[in-house]
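>>> Return a 3D structure for these sequence lines:
(chains A, B, C and D)
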Number of protein chains: 2
Amino acid sequence: MRPVGAYTVSIRIAVIDTDSGFVTVLAKRAEVAGWSLSHSAGPVPPRDLVAMKLNGLLIDPAVLGDEAWDYLERIAAMLPELGLVVCTGRSTVAQRVRGLRLGVDDWMTKPCHPEEAMARIEAVSRRHTRGRREAEGAPLTVGELEIRPDRFQAFVGSGPLVLTRREFELLHLLAEERGHVLERERIYQQVWGYAMAHGDRSVDVFVRKLRQKLEKRSPSWSYIHTHFGIGYRFEPESLESPPETAPAPLAEDVSQPFHKLATSK
Amino acid sequence: MRPVGAYTVSIRIAVIDTDSGFVTVLAKRAEVAGWSLSHSAGPVPPRDLVAMKLNGLLIDPAVLGDEAWDYLERIAAMLPELGLVVCTGRSTVAQRVRGLRLGVDDWMTKPCHPEEAMARIEAVSRRHTRGRREAEGAPLTVGELEIRPDRFQAFVGSGPLVLTRREFELLHLLAEERGHVLERERIYQQVWGYAMAHGDRSVDVFVRKLRQKLEKRSPSWSYIHTHFGIGYRFEPESLESPPETAPAPLAEDVSQPFHKLATSK
DNA sequence: CGAGGCTGTGAAAATCCTGTGAACGCGGCT
DNA sequence: AGCCGCGTTCACAGGATTTTCACAGCCTCG
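Below you'll find the predicted structure:
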């Protein structure tokens, strides 16, 4: 089921370690793999870790001093979804067992090969992402739209939009990357799961379907903007602004052939 | 009397290894910890592993010969919930990385201390046993349905539904996740315990059986809703136009008080 | 201001998905 | 052995969803 390439998803990790050489090498590999990595040479408050929305944390407890066990335990309890990997110097079996028991997911011994560290972090976070429910299920609200991954649907005040799977996934992707212009190829790759054939218009067609449904249920907003020669950008924009005199445009007039193209910037 | 201390849940593991000394020691510890352990000195057909409903598998790929990688990969793909731990002699970084990438959860080097092996197995299977056992045996009432896990049966006003085991588990899963759309793959994974083969229609068939039985005993309600291209969603809905019955507040479910999803015809 | 490439549209054609009924094995039981 | 209950697998029919096309209306650039 693994698509091509070793790393299928982008992973967010943090490293707490003073060994700058190791960290540097790791950072390089992480970049190649498309992971985002942040580094600290000292303990990071748990609450900050929460805010970072990490998939994995690689840590050398040696930098923590006496509080090490306590710190690890707190992290493990507070962030059950986080893959917690220890990488440290000499340790006894008893220490490793203690660490693993109190919530550490993997324990490596220095010196450790960065590639192996990456692989272990990946393995640990793979295990954690399975069986998670909430992570993907968090509803997303933009404009008067609410996107709910747990139902594969989007809602506006008046009710559901009734989207097909593809439509939903396209909308979800666009909304997640709200504000960014996404190229067609990128969109296709993400939603369809494989490379887009040259000349394929599927993305355009689905954008149209989405625009239709969005407009029907939320006429006073504009969501998907075209960037000529590139792709699309999602951004809820209220069309209201002129004084309140509009004599109720009364829809059904199908003579609105085109959408305004946003080429700005 | 449950063994107090470190091991809070009973874990089922299997060991595939020829080192009988190591296995013996491990078996002893496992017994003390209250785990159930089965042992084999040679490869075990994946389907047998499925039947064993394991939490963890400790394996020395050396006993597998040439097929080792293939075997590991197959196991990992087929049993995503299984904690797969390798324990073998000398190995290269590249081998470890390869193993971890293709689905192995942890990789130890022999000789390894049995206590550490236990701790690592526990760590990799922790994820799946955690956060899931709270309301395990609690009866669940939805619509005019009552689901009793302690009996493996569901009841409506007029009596029991007479469900087979699979039917019950499917219903239970759906009801627990009420309101959420569950993908076929996830349903299969949860109820059957291993990965769904492409093209398998079992879930559909069981949904039909459930719908039939539900309709026979509770004709005025609709419970299982189809989401085209995705899977199913459980949500009791009265078919009668509710004269004045409040639209079932169905609180508690989510924090978002929102409309009910209308997909069905 | 015109050519040429891009995007929006509507609809037909091609695919894919789900509901069903029924045949098939596999054990367990009598 | 023969008879069930249960879970799996098949093949089909009816729909729902995606793709593909052919055109027409824009946008850029020269």
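>>> wait, A:A27 sits on A:W35?
No: counting by Cβ atoms under 8 Å, A:W35 is not a contact partner of A:A27; they are 9.4 Å apart. Any C-beta I mention is one placed from the backbone N, CA and C, and that applies to glycine too.
>>> These two: who's more crowded?
More crowded of A:A27 and A:W35, by other Cβ atoms under 10 Å in any protein chain shown: A:W35, with 21 against 17.
>>> Could you pull up the residues touching the more buried one?
Applying Cβ atoms under 8 Å, 6 or more residues apart in numbering or on different chains, we find A:W35 in contact with A:7, A:10-13, A:118.
>>> just these now: which is nearest A:D66?
A:I13 (25.5 Å; Cβ to Cβ).
>>> Look at that closest one and say how many residues are nearby.
25.
>>> Report the contact partners of the residue nearest to it when sequence neighbours are not counted.
With sequence-adjacent residues excluded and distances taken as Cβ to Cβ, 6 or more residues apart in numbering or on different chains, A:I13 is closest to A:G56, at 4.2 Å. Residues near A:G56 by Cβ under 8 Å, 6+ apart: A:11-14, A:82-85, A:121-122, A:124-125.
>>> Apply 7 Å and report the result again.
With contacts defined as Cβ atoms under 7 Å, 6 or more residues apart in numbering or on different chains, the neighbours of A:G56 are A:11, A:13, A:82-83, A:85, A:121, A:124-125.
>>> Among those residues, show me the least confident.
By pLDDT, A:I11 ranks lowest within the contacts of A:G56, coming in at 87.
>>> Just to check, that residue is in contact with A:L57?
No: look at A:I11 against A:L57 with Cβ atoms under 7 Å: they stay out of range, at 11.3 Å.
>>> Between the two, point out the one with more neighbours.
A:L57 (27 against 22).
>>> That one: helix or strand, and which one exactly?
Using DSSP states H and E, the element containing A:L57 is strand A:56-59.
>>> Render the CA-only coordinates of that strand in PDB, please.
Below are the C-alpha coordinates for strand A:56-59, written out as PDB (Å, rounded to 0.1, in the frame of the first residue of the first chain):
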ATOM      1  CA  GLY A  56       7.700  12.800  16.800                       C
ATOM      2  CA  LEU A  57      10.100  14.000  19.400                       C
ATOM      3  CA  LEU A  58      13.700  12.800  19.500                       C
ATOM      4  CA  ILE A  59      15.300  13.500  22.800                       C
END
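>>> Give me the distance from that strand to the chain's centre.
18 Å (Cα atoms, centre = their mean, to the nearest Å).
>>> re earlier: got the contacts of A:W35 as a markdown table, with secondary structure and distance to DNA strand D columns?
As requested, the contacts of A:W35 are arranged in a markdown table below (DSSP: H, G, I helix; E, B strand; the rest coil; distance: Cβ to the nearest atom of the strand, whole Å):
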| residue | secondary structure | distance to DNA strand D |
| --- | --- | --- |
| A:Y7 | coil | 25 |
| A:S10 | coil | 24 |
| A:I11 | coil | 28 |
| A:R12 | strand | 30 |
| A:I13 | strand | 34 |
| A:M118 | helix | 33 |
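>>> Just send those back as TSV, with distance to DNA strand C too.
Below are those laid out as TSV (distance: Cβ to the nearest atom of the strand, whole Å):
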residue	distance to DNA strand C
A:Y7	26
A:S10	26
A:I11	28
A:R12	31
A:I13	34
A:M118	34
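>>> ok, so of those, who is nearest A:A62?
Using Cβ to Cβ, these come closest to A:A62 at A:I13, 18.8 Å.
>>> can I assume the closest one is in contact with A:R120?
No: assessed by Cβ under 7 Å, A:I13 is found out of contact with A:R120, at 11.2 Å.
>>> before we move on, the earlier item: could you spell out the sheet neighbours of the strand holding A:L57, each with its direction?
If you go by DSSP bridges, strand A:56-59 pairs up with strand A:12-16 (parallel), strand A:83-88 (parallel).
>>> So which of these is the most surrounded?
Of the strands paired with strand A:56-59, the one with the most neighbours on average (mean count of other Cβ atoms under 10 Å in any protein chain shown) is strand A:83-88, at a mean of 24.
>>> Show me the strands in the stretch 1-150 of chain A, by range?
A:12-16, A:36-40, A:56-59, A:83-88, A:106-109, A:140-142, A:145-148 (DSSP state E, counting those that start in this stretch).
>>> Tabulate these (CSV), appending distance to B:S20.
Listed next are the strands of the stretch 1-150 of chain A as CSV, based on distance: least, Cβ to Cβ, whole Å:
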stretch, distance to B:S20
strand A:12-16, 40
strand A:36-40, 44
strand A:56-59, 37
strand A:83-88, 32
strand A:106-109, 27
strand A:140-142, 55
strand A:145-148, 54
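>>> Would you tell me which of these gets closest to B:S158?
strand A:145-148 (35.3 Å).
>>> tell me the average confidence for that closest one?
96.
>>> How many residues are close by the closest residue to A:Y71 other than its chain neighbours?
Closest residue to A:Y71 apart from its sequence neighbours, by Cβ to Cβ, 6+ apart: A:L64 at 5.2 Å. By the measure other Cβ under 10 Å, the count of residues near A:L64 is 16.
>>> ok, so what distance separates A:L64 from A:G89?
Separation of A:L64 from A:G89 (Cβ to Cβ, to the nearest Å) stands at 13 Å.
>>> Relative to B:R96, how far out is A:L58?
Going from A:L58 to B:R96 by Cβ to Cβ gives 16 Å.
>>> Could you pull out the helices in the stretch 1-150 of chain A for me?
Assigned by DSSP state H, counting those that start in this stretch, the stretch 1-150 of chain A shows helices spanning A:20-33, A:46-51, A:68-78, A:93-101, A:114-129, A:134-137.
>>> Kindly reformat those helices as a markdown table and extend each row with distance to A:P236.
What follows is the helices of the stretch 1-150 of chain A, written out as a markdown table (distance: least, Cβ to Cβ, whole Å):
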| stretch | distance to A:P236 |
| --- | --- |
| helix A:20-33 | 33 |
| helix A:46-51 | 25 |
| helix A:68-78 | 34 |
| helix A:93-101 | 47 |
| helix A:114-129 | 29 |
| helix A:134-137 | 22 |
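>>> Quick check on A:D60: phi, psi?
Per-residue torsions, A:D60: phi -100, psi 110 (degrees, to the nearest 10).
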